[in-house]
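Participant: Here you go, sequence then predicted model.
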Amino acid sequence: MRTAGAARCSAIAKPPVWYSETYAEGLELTVIKLLLLLIAILFGLLLLPFVAVGLIFSGVFALLAWPLAISLAGAVLIALGILLIIIGAIAILA
């Protein structure tokens, strides 16, 4: 015959009804993905100065009628910065 104390201990040792290993693993993966996405966004914010420099290059040199190659270099810098942000976000969310 079990005592009241033993019954209480066995009730405490059981996990809640809604808890399962797959739920916990899914939650862990979701948290990890969100943290990685936050890191990617912060990394993207670090790239913003490069995007700004690209905008400045393309805008200023286009206004000053410098050779088209310099303006294209600015456009490439912009595209590269944006592309890195997008690739990082896709890689993390995949």
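Facilitator: Perfect, I can see it now. Numbering: from 1, shown residues only.
Participant: Could you list the buried residues of the strand or helix carrying Ile87?
Facilitator: Ile87 is located in helix 68-93, with elements delineated by DSSP states H and E. Neighbour-count burial for helix 68-93, with 16 or more other CB atoms under 10 Å as criterion, is recorded at Ser71, Gly74, Leu77, Ile78, Gly81, Leu84, Ile85, Gly88, Ala89, Ile92. C-beta here means a position set from N, CA and C on the backbone, and glycine is covered the same way.
Participant: go on, stretch 35-50?
Facilitator: Residues of stretch 35-50 classed as buried: Ala40, Gly44, Leu47 (neighbour count, 16+ other CB under 10 Å).
Participant: residue contacts, Ile90?
Facilitator: Going by CB atoms under 8 Å, 6 or more residues apart in numbering, Ile90 touches no other residue.
Participant: how near is it to Leu80?
Facilitator: Per CB to CB, to the nearest Å, Ile90 is found 16 Å from Leu80.
Participant: for Ile86, same thing?
Facilitator: Ile86 is 11 Å from Leu80, by CB to CB.
Participant: follow-up on the earlier one: of the buried residues of stretch 35-50, closest to Gly26?
Facilitator: Of all the buried residues of stretch 35-50, Gly26 sits closest to Ala40, with 20.8 Å by CB to CB.
Participant: Enumerate every residue touching the residue nearest to that closest one when sequence neighbours are not counted.
Facilitator: Among residues not flanking Ala40 along the chain, Gly88 sits closest, at 4.0 Å (CB to CB, 6 or more residues apart in numbering). Contacts for Gly88 were tallied using CB under 8 Å, 6+ apart; they are Ala40, Phe43, Gly44.
Participant: low-confidence ranges in this protein?
Facilitator: Within the chain, the stretches with pLDDT under 70 are 1-25, 51, 54-74, 94.
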